[in-house]
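Asker: take a look and give me a structure for this.
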Amino acid sequence: MSHKESLNFQTEVKQLLQLMIHSLYSNKEIFLRELISNASDACDKLRFEAIQNATLLEGDPDLAVHLEIDKEARTLTIRDNGVGMSREEVISNIGTIARSGTKEFLGKLSGDQAKDSALIGQFGVGFYSSFIVADKVTLTTRRAGASESEGVQWESSGDGSFSIETLEVPTRGTTVTLHLKEGEEGFLDAWKLRGIVRRYSDHIQLPIRMKKDPVPPQEGEEKVINEPEEETLNQANALWARPKNEITEEQYQEFYKHVSHDFEAPLAWSHARVEGKQEYTELLYIPARAPFDLWEREPRHGIKLYVRRVFIMEDAKKLVPQYLRFVRGVIDSADLPLNVSREILQESKDIDTIRAGCTRKVLGLLEDLAENQKEKYQKFWNEFGRAFKEGAGEEYANREKWAGLLRFSTTHTDKSDQTESLKDYIGRMKDGQDTIYYVTAESFAAAKNSPHLEIFRSRGIEVLLLSDRVDEWVVSHLESFEEKQLHSVAKGDLDLTKLGVEKPKLETSDSETLKPLLEAMQGALGEQVKSVRVSQRLTESPACLVVEEGDLSGNMARFLKSVGQSVPTSKPILEINPDHRLILRLKLETDQQRIADWSQLLFDQSLLAEGGQLEDPAQFVKRLNQLILN
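Answerer: Numbering: from 1, shown residues only. Here you go, the predicted model:
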């Protein structure tokens, strides 16, 4: 029995539809590419499911995509005999966009059509591009293996609502019918459709078919009505299996858009056939922009795994390490079994070999960009740098290669958007310097203005400015690069004697010792600090906090606490600048309570300077006001 109901789109979908309807895309033709890609994916999924259950083919193993034109009804139809959808899948995949990045995406829209168009392509809402040219879209589908009575029809005019109805559908697959707007009659022209398919979808390995225009009878011939023959519009073979010299740059780019559902051309790609113990073909792409699901646990698109050109699964996580999860493309193995499962992937040595090879390929591709196309590499780093840094805990086989691709802001430029490699840093090292220095903070401004940098700036010693949360993870795993140790400027007892910086003495110019003051401050602060000592780091600030060499940095401890992790108890060390006017005045102070108040104030100021939080801000303000007035 037919059952029909009307439902409303999510608020976010309504907003997306409005953007589509107002032709935000500069190139309307891409709607056809998106619908054909969806149809191709559906056929790929059926082919894989049919390996285990051949009855799903329902006696029709010839998988294809069909285009149908009806000029009188003003409709263009895209039909496939792929896996189809159930009612629940239609509502989930078509009626909603259940993604955590949707609101963030909409918040980034600026009203600038060119910029917003790129964002929409990045978000990947291919099906909704139908409304660029159609004022009504009808989708009819039935899941392979379901009964004919379990067919579903979805329909919407892009006005914020849609209807969904159960009905009899005799064949599996999905049919999308576009009721074209006034002025879009060009998409009913067979010649134009052929050109669009050959431009955007020639790489689809399934045949894309369309009925030929009937040939009019010659003069004197009897008119015979026959069913028009179908022609195949594309080459219908796997692009990655073709020789590289037969593939144009445009074809590579269009294939990327197909496998990634991205509307923007990729930044770079690698295409190779690997022979040896393992035989496989890889075509891997670096996107130009980070997708919105880069930080989601289950991203929608990744690397597609094929076995002898039969689609097996998408986003095969075992094929590249997690820190390279932004890579898109295909891997086609000649050795894996067709019935490979996710469980088999977890244990397969063949997969481990493919993974290692693909990782080397991607790193090599990035090295080439970094060396020969620096602007492109900077663009890559701006988009994917934070994810790439996660390799600190994953990448051991190619550690030096991975580390060479890292980029950091430094005091060399003091700019957050201008990054340097560790190799560049080493090339600018001072004579006698054998250490790569860095400072970590919760923001670039906090890192740039850290009091721990004062002696380094005064002597022209470059320091890495690390402000991404993942940076603490990086430096905890990357202990050295090219035999140069990495060292935090906020850890340990700093020794710069090799660079001509003498250690401070416990005496100032008036020959009065600082030991009594250090002891008094230590006593006033009690359990808050491990010790109070004279600093070698400071030239302008009166005090700063440091930790022992093996302890967690204050920034790392705060991060772990923020995510609910337990933090080992460790106390900081308060270092004071013996030449600062405040310390010189404090050294002459005889009132023990004022010494205690100043000691606490200096501790609190140092904690704030490194991004920490005060336990009692009100008491800090009260103490500060009292000392100012007195």
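
Asker: using the record's assignment, carve the protein into domains.
Answerer: 3-216+227-235, 240-391, 408-489, 511-630 (automatic domain parsing).

Asker: worst average pLDDT in these?
Answerer: Mean pLDDT is lowest for domain 3-216+227-235 out of the domains of the chain, coming in at a mean of 82.

Asker: figure out the helix or strand that the nearest residue to Glu29 once chain neighbours are set aside lives in.
Answerer: Sequence neighbours aside, Ile196 is the residue nearest to Glu29 in space, at 5.1 Å (criterion: C-beta to C-beta, 6 or more residues apart in numbering). The way it works is simple: take the backbone N, C-alpha and C, and place the C-beta from them, glycine included. Element membership for Ile196 (DSSP states H and E) is helix 190-200.

Asker: before we move on, back to that, and Lys498, which of the domains of the chain is closest to it?
Answerer: Closest to Lys498 of the domains of the chain is domain 408-489 (C-beta to C-beta; 4.3 Å).

Asker: so where do the helices sit in the stretch 351-500 of the chain?
Answerer: Per DSSP state H, counting those that start in this stretch, the stretch 351-500 of the chain has helices spanning 374-389, 399-404, 422-427, 444-448, 454-458, 469-477. These are given in chain order.

Asker: buried set for the last one?
Answerer: Using 16 or more other C-beta atoms under 10 Å as the burial criterion, the residues of helix 469-477 that qualify are Arg469, Val470, Asp471, Glu472, Trp473, Val474, Val475.

Asker: run through who's touching it.
Answerer: 386, 389-390, 392-393, 406, 408, 438, 440, 466, 486, 488, 553, 555-556, 559 (C-beta atoms under 8 Å, 6 or more residues apart in numbering).

Asker: what's the angle between that helix and helix 374-389?
Answerer: Counting by axes from the mean of the first three to the mean of the last three C-alpha atoms, to 10 degrees, helix 469-477 lies at 80 degrees to helix 374-389.

Asker: please compute how far helix 469-477 lies from its chain's middle.
Answerer: Relative to its parent chain, helix 469-477 has a centroid offset of 18 Å by C-alpha atoms, centre = their mean, to the nearest Å.

Asker: again, but for the first one
Answerer: Here the centre of helix 374-389 is set off from its chain's centre by 10 Å, with C-alpha atoms, centre = their mean.

Asker: and that helix, what other elements does it pack with?
Answerer: Secondary-structure packing of helix 374-389 (3 or more C-beta pairs under 8 Å, 6 or more residues apart in numbering; DSSP states H and E): helix 349-372, helix 469-477.

Asker: who are the contact partners of Met85?
Answerer: So Met85 contacts Asn93, Thr141, Arg143, Val152, Thr174 (C-beta under 8 Å, 6+ apart).

Asker: for the third one, give its distance to Leu46.
Answerer: Just to be clear, that refers to Arg143. In this view, Arg143 and Leu46 are 10 Å apart by C-beta to C-beta, to the nearest Å.

Asker: give me the residues contacting the helix holding Ile196.
Answerer: The contact list for helix 190-200 (C-beta under 8 Å, 6+ apart) reads 29-30, 32-33, 36, 67, 69, 76, 186-187, 208, 210, 213, 233-234, 250, 254, 257.

Asker: can you rerun that using 7 Å?
Answerer: 29, 32-33, 67, 69, 186-187, 208, 210, 213, 233-234, 254 (C-beta atoms under 7 Å, 6 or more residues apart in numbering).

Asker: chain center to that helix: distance?
Answerer: 33 Å.

Asker: now the helix or strand just after that helix: buried residues?
Answerer: Per DSSP H and E, the first helix or strand lying C-terminal to helix 190-200 is strand 208-211. Buried residues in strand 208-211, counted by 16+ other C-beta under 10 Å: Ile208, Arg209, Met210.

Asker: from those residues, which is closest to Gln592?
Answerer: Using C-beta to C-beta, those come closest to Gln592 at Ile208, 87.7 Å.

Asker: need the contact list for the closest one.
Answerer: Ile36, Val65, Leu67, Val197, Ser201, Thr232, Leu233, Asn234.

Asker: ok, 8 Å please
Answerer: The neighbourhood of Ile208, defined by C-beta under 8 Å, 6+ apart, consists of Ile36, Ala64, Val65, His66, Leu67, Val197, Ser201, Thr232, Leu233, Asn234, Ala236.

Asker: let's have these in TSV, adding secondary structure and neighbour count.
Answerer: Listed next are these as TSV, based on DSSP: H, G, I helix; E, B strand; the rest coil; neighbours: other C-beta atoms under 10 Å:
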residue	secondary structure	neighbour count
Ile36	helix	25
Ala64	coil	20
Val65	strand	29
His66	strand	18
Leu67	strand	23
Val197	helix	22
Ser201	coil	26
Thr232	strand	13
Leu233	coil	23
Asn234	coil	20
Ala236	coil	16
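
Asker: and those, which is closest to Asp80?
Answerer: Asp80 lies nearest to Val65 out of the contacts of Ile208, by C-beta to C-beta, at 5.0 Å.

Asker: quick check: the closest one touching Cys43?
Answerer: Yes. Look at Val65 against Cys43 with C-beta atoms under 8 Å: they come within range, at 7.3 Å.

Asker: for Asn237, see how far away Pro243 is.
Answerer: Taken as C-beta to C-beta, the span from Pro243 to Asn237 is 12 Å.

Asker: circling back to that earlier point, and for Val65 and Cys43, which residues touch both?
Answerer: With C-beta under 8 Å, 6+ apart as the test, Val65 and Cys43 both reach Asp80, Leu206.

Asker: on that earlier part again, tell me the buried residues within the contacts of helix 469-477.
Answerer: Buried residues within those, defined by neighbour count using 16+ other C-beta under 10 Å: 386, 389-390, 392, 406, 408, 438, 440, 466, 486, 488, 553, 555-556, 559.

Asker: closest to Phe380 out of the contacts of Ile208?
Answerer: The nearest member of the contacts of Ile208 to Phe380, counting by C-beta to C-beta, is Ser201 at 27.5 Å.

Asker: find the nearest non-adjacent residue to the closest one, please.
Answerer: Ile36 (4.8 Å).

Asker: show me the contacts for the one you found.
Answerer: Going by C-beta under 8 Å, 6+ apart, Ile36 touches Val65, Ile78, Val197, Tyr200, Ser201, Ile204, Ile208.

Asker: again with Val65
Answerer: Neighbour list for Val65: Ile36, Ala39, Ser40, Cys43, Ile78, Arg79, Asp80, Ile204, Leu206, Pro207, Ile208, Arg209 [criterion: C-beta under 8 Å, 6+ apart].

Asker: in JSON lines: those, plus distance to Arg428.
Answerer: Listed next are the contacts of Val65 as JSON lines, based on distance: C-beta to C-beta, whole Å:
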{"residue": "Ile36", "distance to Arg428": "52"}
{"residue": "Ala39", "distance to Arg428": "55"}
{"residue": "Ser40", "distance to Arg428": "51"}
{"residue": "Cys43", "distance to Arg428": "56"}
{"residue": "Ile78", "distance to Arg428": "58"}
{"residue": "Arg79", "distance to Arg428": "62"}
{"residue": "Asp80", "distance to Arg428": "58"}
{"residue": "Ile204", "distance to Arg428": "51"}
{"residue": "Leu206", "distance to Arg428": "55"}
{"residue": "Pro207", "distance to Arg428": "59"}
{"residue": "Ile208", "distance to Arg428": "56"}
{"residue": "Arg209", "distance to Arg428": "62"}
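
Asker: right, I'll leave it there.
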